[in-house]
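> pasted the sequence and its predicted model underneath.
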Amino acid sequence: DGGITQSPKYLFRKEGQNVTLSCEQNLNHDAMYWYRQDPGQGLRLIYYSQIVNDFQKGDIAEGYSVSREKKESFPLTVTSAQKNPTAFYLCASSQGSQPQHFGDGTRLSIL
Amino acid sequence: DQQVKQNSPSLSVQEGRISILNCDYTNSMFDYFLWYKKYPAEGPTFLISISSIKDKNEDGRFTVFLNKSAKHLSLHIVPSQPGDSAVYFCAASVGGGGADGLTFGKGTHLIIQP
């Protein structure tokens, strides 16, 4: 079954620690995206990658980092520099001009 | 500043009636618009899209209307069904069908009453 897998579904970390969120897709899509959703808010773009080994900052990239070493994987690291990391993180992928498909998200809570 | 606005946080509609969800945008460079449906603790699911060269797109019970001069689009659901209860997000992009990422509104929570 083709799709986007985000793991884990829930993640807890202590303040000051870096944490990496996983996103894997088996749709053979070239482009991948990371969004953040806060309560009562829309999704905001963090980073995106249109091709392996290349990525661009989105609207709220500060405090985050990404890598795209493989076509199917686009991990997001939330660093200690991110001042308010508690949020729902969504990964998406797309091919060409087709709509983005989303994973089921990871809810990150900082203790 | 919000470039995509959904001014109704929630909307309640009776089952079988028409649901109309509205969305306004400020960036005149947007040329591709989408609607997504989202259930709690899940990712958004694509519903329907429209390019700025069209003013209407239809897919089954879902129709999206685009008024470029007013920078306004709407999603019509007819007839509304209980399974339509969800949060609906309007999204927009500049060129390429969203390849450089989407700009989302805050969403409208649609509640279908039996």
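Now that the structure is in, tell me what you want to look at. Keep in mind that what you see is a predicted model, and the values were worked out from it rather than measured.
> these two touch, right, residue A:75 and residue A:22?
Yes: shown here, residue A:75 and residue A:22 form a contact pair, counting by CB atoms under 8 Å, at 5.7 Å. Yep, even glycine has a C-beta here, placed from its N, CA and C like the rest.
> in terms of helices and strands, where is the nearest residue to residue B:47 once chain neighbours are set aside?
For residue B:47, ignoring the flanking residues on the chain, the nearest one in space by CB to CB, 6 or more residues apart in numbering or on different chains is residue B:35 at 4.5 Å. Counting by DSSP states H and E, the element that carries residue B:35 is strand B:32-38.
> so what does that strand touch, helix or strand wise?
Under the contact definition 3 or more CB pairs under 8 Å, 6 or more residues apart in numbering or on different chains; DSSP states H and E, strand B:32-38 sits against strand B:19-25, strand B:45-51, strand B:62-67, strand B:86-93.
> how about the residue nearest the centre of chain A, what does it touch?
In chain A, the C-alpha nearest the mean C-alpha coordinate belongs to residue A:34, at 3.3 Å (CA atoms, centre = their mean). By CB atoms under 8 Å, 6 or more residues apart in numbering or on different chains, residue A:34 lies in contact with A:23, A:45-48, A:58, A:64, A:66, A:74, A:76, A:89-92.
> spell out which parts of chain A neighbour chain B.
Neighbours of chain B within chain A, by CB under 8 Å from any CB of the partner chain: A:4, A:6, A:9, A:31, A:33, A:35, A:40-45, A:48, A:50, A:56, A:58-59, A:90, A:92, A:94, A:96-105, A:107.
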